[in-house]
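Visitor: give me coordinates for this.
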Amino acid sequence: MKSLGRVLVVLGAALAALLATGALDVQVRWRDNVARAIDLFGKGSAKKGGPDTAAPGDIFWKDGAGGQPATPVGVPSTFADLAEHVSPGVVNISTKKTVVAHSLEDFFPFPFQEPFGTSPGERKQQVPSLGTGFVISPDGYIVTNNHVIEDVESITVRFADRTELPAEVVGRDPKTDIALIRVKSEKPLYALPLGNSDRVRPGEWVVAIGNPFGLEHTVTAGIVSAKHRNIDQGLYDDYIQTDAAINPGNSGGPLIDLAGEVIGINTAINPRANTIGFAVPINMAKDILPQLRAQGHVTRGWLGVVIQKITPEIAEEFGLQEPKGALVSKVVPKGPAAKGGIEQRDVIREFDGQPIDDFDDLPRLVAKTPVNKKVEVVVIRDGKRKTVETVVGALEEPEVATASAEQETPGGATAFGLRVQDLTPELSEQLGLEADAKGVVVSSVDPGGPAGDAGLRRGDVIVEVDRHEITNTAELQKRLKETDQRALLLVRRGDSQLYVPLKRQKS
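Guide: The predicted structure follows:
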């Protein structure tokens, strides 16, 4: 017993010593009472302000709070009712056109009797094609894609009840790929209501109905994947992207929201991917359909400028705080912009009260502006905001030009990876320029040099270096030698002009 007592005394002394030094700091709770317990392994929390003593395997991220998952509003249990409701307004479009094909006589030496109206070795044949459309008015007007009915000789419209009627083209607009056709029916047709594509948000449910590969009234469903997509089809690209399956034959068909309203015209697909389709916003169609019905074509507003994208490098060269707006690289003489006081090197930030963040915003806004309307244009000129007024003109070919990012190219001397020569009248004629055109011609480009990296091409004409006009190679060499490590070039390529920053080649 004495031995046991001595052991207990020793243990008690040891525990007291540990508690006194703070090595043990474990709390034991019993209801509202707290008692200190012994931390035998030294894994207690670090003291406030002390070093982090967490072991390498401890959690250092934020775990989920275990909340309830968000349920999307309006999740449909079925699309059947919607599809049944709108199907009478969706039509299948079949077309025929004659193409000239080479006969077998081109490949085998047998005599063939050629049909009248063809040259020897050629044969005419009719090629059928399929697409989709949708009725927008009870009196027979139908919307589809321009590429569905372009240059065809006959159009047949087939309805959900298997009625077939011939159609005629009322108007078409290749720039937006929208067409308006019409059938004559003895009874009013079921028309689909047009929605508001500006209000559509990515993530919303949509349904596509069409004629893929000739499979009539195929219904597919998905969501709006994104908006404002540019797929390099033209100046007015502003597509709605969807993952509702779209295939050849769906072209011209409606993209429909859960309210049964058309919010887009199914137009294109990405052939390298699954369920990536593109639809023209229905609001774009609303802007031009009245003109298509009244005059068969679209008259667009025209500003009379050549513009290009503002890259971070160009923003730095022009002292801009952010790479936003449309850089004016050329002003068409006597055009609306020139008359209104817009100048080369201006950066357009607002047009008629609408902001211009991306350079391709401008052509779309100008195009839908009524001809002869006076508008205010806000530009940044030499670092200062300036407002000018101009009267929008009517667009005629050639239309407002743009310089794409891939074209942002340009030049220098050997220190910049290129060689140049004077622009002679003979060279001007070869390049399709005016006889009195000025500038210096790029004769060769080092593919691995700065000019090659910038995209400069043989045949480009350098007309400015750092905002100074260039008329011969001597002036060009002088200006380039005066630059430090970079030069801002204005380059002419065909009918376009664009600014390009160029870095000196490292030695």
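Visitor: hey, what's residue 156 bridged with?
Guide: Under DSSP bridges, the beta-bridge partners of residue 156 are residue 94, residue 166.
Visitor: residue 230: what's it in contact with?
Guide: 237, 238, 239, 360 (CB atoms under 8 Å, 6 or more residues apart in numbering). All C-beta atoms are positioned from the backbone trio N, CA, C, and that covers glycine.
Visitor: quick check, residue 268 in a strand?
Guide: Yes. Counting by DSSP: H, G, I helix; E, B strand; the rest coil, one finds residue 268 located in a strand.
Visitor: pairing partners for it in the sheet, please.
Guide: Here residue 268, judged by DSSP bridges, has bridge partners residue 278.
Visitor: output stretch 366-376 as CSV - backbone C-alpha positions only.
Guide: Output of stretch 366-376 as CSV, limited to C-alpha atoms (Å, rounded to 0.1, in the frame of the first residue of the first chain):
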residue,chain,number,x,y,z
VAL,A,366,-24.8,51.4,-87.1
ALA,A,367,-26.5,48.9,-89.3
LYS,A,368,-29.8,49.0,-87.5
THR,A,369,-29.8,52.8,-87.2
PRO,A,370,-32.3,54.6,-89.5
VAL,A,371,-30.7,56.3,-92.5
ASN,A,372,-30.5,60.1,-92.1
LYS,A,373,-30.7,60.0,-88.3
LYS,A,374,-28.5,62.4,-86.5
VAL,A,375,-26.5,60.6,-83.8
GLU,A,376,-23.9,61.5,-81.2
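Visitor: any idea how far it is from the middle of the chain?
Guide: 23 Å (CA atoms, centre = their mean, to the nearest Å).
Visitor: ok, and what's touching that stretch?
Guide: Contact partners of stretch 366-376, identified using CB under 8 Å, 6+ apart, comprise 235-236, 287, 299-303, 350-353, 387-395, 400.
Visitor: buried set for that stretch?
Guide: Under the neighbour-count criterion of 16 or more other CB atoms under 10 Å, stretch 366-376 has 366, 367, 369, 375 buried.
Visitor: closest to residue 438 out of the residues you listed?
Guide: residue 366 (29.0 Å; CB to CB).
Visitor: per-residue pLDDT, the closest one?
Guide: Here, the pLDDT recorded for residue 366 equals 91.
Visitor: if we can go back for a sec, closest one of the contacts of residue 230 to residue 485?
Guide: residue 360 (30.8 Å).
Visitor: that closest one - how many residues pack around it?
Guide: 20 (other CB atoms under 10 Å).
Visitor: nearest spatial neighbour of it, chain-adjacent residues omitted?
Guide: residue 230 (6.3 Å; CB to CB, 6 or more residues apart in numbering).
Visitor: and residue 213, that's in a helix?
Guide: Yes. Counting by three-state DSSP, residue 213 is part of a helix.
Visitor: model confidence for it, exactly?
Guide: pLDDT, residue 213: 89.
Visitor: quick revisit: how about the buried residues of stretch 366-376 in TSV, adding distance to residue 89 and secondary structure?
Guide: Compiled in TSV, the buried residues of stretch 366-376 are given as follows (distance: CB to CB, whole Å; DSSP: H, G, I helix; E, B strand; the rest coil):
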residue	distance to residue 89	secondary structure
366	33	helix
367	28	helix
369	31	coil
375	37	strand
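Visitor: and the residues you listed, which two are furthest apart?
Guide: The widest separation within those (CB to CB) is 12.9 Å, between 367 and 375.
Visitor: tell me, how many residues neighbour the closest residue in space to residue 257 that isn't next to it in sequence?
Guide: In this structure, residue 257 finds its nearest non-sequential neighbour in residue 263, 5.2 Å apart by CB to CB, 6+ apart. Residue 263 has 25 neighbours, counted by other CB under 10 Å.
Visitor: tell me which element residue 263 is part of?
Guide: strand 262-269 (DSSP states H and E).
Visitor: who does that strand touch, helix- and strand-wise?
Guide: strand 205-210, strand 239-242, strand 254-256, strand 277-281, helix 282-295 (3 or more CB pairs under 8 Å, 6 or more residues apart in numbering; DSSP states H and E).
Visitor: for residue 181, find the nearest of those.
Guide: helix 282-295 (9.8 Å).
Visitor: keeping just the C-alphas, turn the strand holding residue 263 into CSV.
Guide: C-alpha atoms of strand 262-269 as CSV (Å, rounded to 0.1, in the frame of the first residue of the first chain):
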residue,chain,number,x,y,z
VAL,A,262,-39.4,32.0,-80.7
ILE,A,263,-36.2,33.5,-79.4
GLY,A,264,-33.8,32.4,-82.2
ILE,A,265,-33.5,31.0,-85.7
ASN,A,266,-31.4,27.9,-85.8
THR,A,267,-28.6,28.6,-88.3
ALA,A,268,-25.2,26.9,-87.8
ILE,A,269,-23.4,24.2,-86.0
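Visitor: and that strand, average pLDDT?
Guide: 93.
Visitor: how distant is that strand from the center of its chain?
Guide: Worked out by CA atoms, centre = their mean, strand 262-269 lies 15 Å from the chain centre.
Visitor: just stretch 335-345 next, same as before
Guide: 27 Å.
Visitor: residues contacting it, please?
Guide: Residues contacting stretch 335-345 (CB under 8 Å, 6+ apart): 302-305, 318, 327-332, 348, 377, 379, 381, 388-393, 467, 499.
Visitor: same check, this time on stretch 377-394
Guide: Looking at what lies outside stretch 377-394 - CB under 8 Å, 6+ apart - the contacts are 299-304, 318-320, 325, 328, 335-337, 339-343, 345-352, 366, 369-376.
Visitor: which of those count as buried?
Guide: So, by 16+ other CB under 10 Å, the buried ones in the contacts of stretch 377-394 are 300-304, 318, 320, 325, 328, 335-337, 340-342, 345-352, 366, 369, 375.
Visitor: from the residues you listed, which land in helices?
Guide: 336, 337, 340, 366 (DSSP state H).
Visitor: farthest-apart pair in these, please.
Guide: 340 and 366 (12.3 Å).
Visitor: list the buried residues for the one helix or strand residue 481 maps to?
Guide: Secondary structure from DSSP H and E places residue 481 in helix 473-482. Across helix 473-482, burial judged by 16+ other CB under 10 Å covers 473, 476, 477, 479, 480.
Visitor: now that helix, how far from the chain's geometric center?
Guide: 39 Å.
Visitor: what does whichever helix or strand comes after that helix rub up against?
Guide: Downstream of helix 473-482, the first helix or strand assigned by DSSP H and E is strand 486-493. Contacts of strand 486-493 with the rest of the structure, by CB under 8 Å, 6+ apart, involve 317, 329, 407, 409-412, 416, 433, 437, 439, 456-457, 459-467, 479-480, 497-504.
Visitor: any idea of the angle whichever helix or strand comes after strand 486-493 forms with strand 486-493?
Guide: With elements assigned by DSSP H and E, the helix or strand that comes after strand 486-493 is strand 496-503. Angle, strand 496-503 to strand 486-493, by axes from the mean of the first three to the mean of the last three CA atoms, to 10 degrees: 160 degrees.
Visitor: what is strand 496-503 packed up against?
Guide: Using 3+ CB pairs under 8 Å, 6+ apart: strand 496-503 touches strand 305-309, helix 312-317, strand 326-331, strand 401-403, helix 450-454, strand 486-493.
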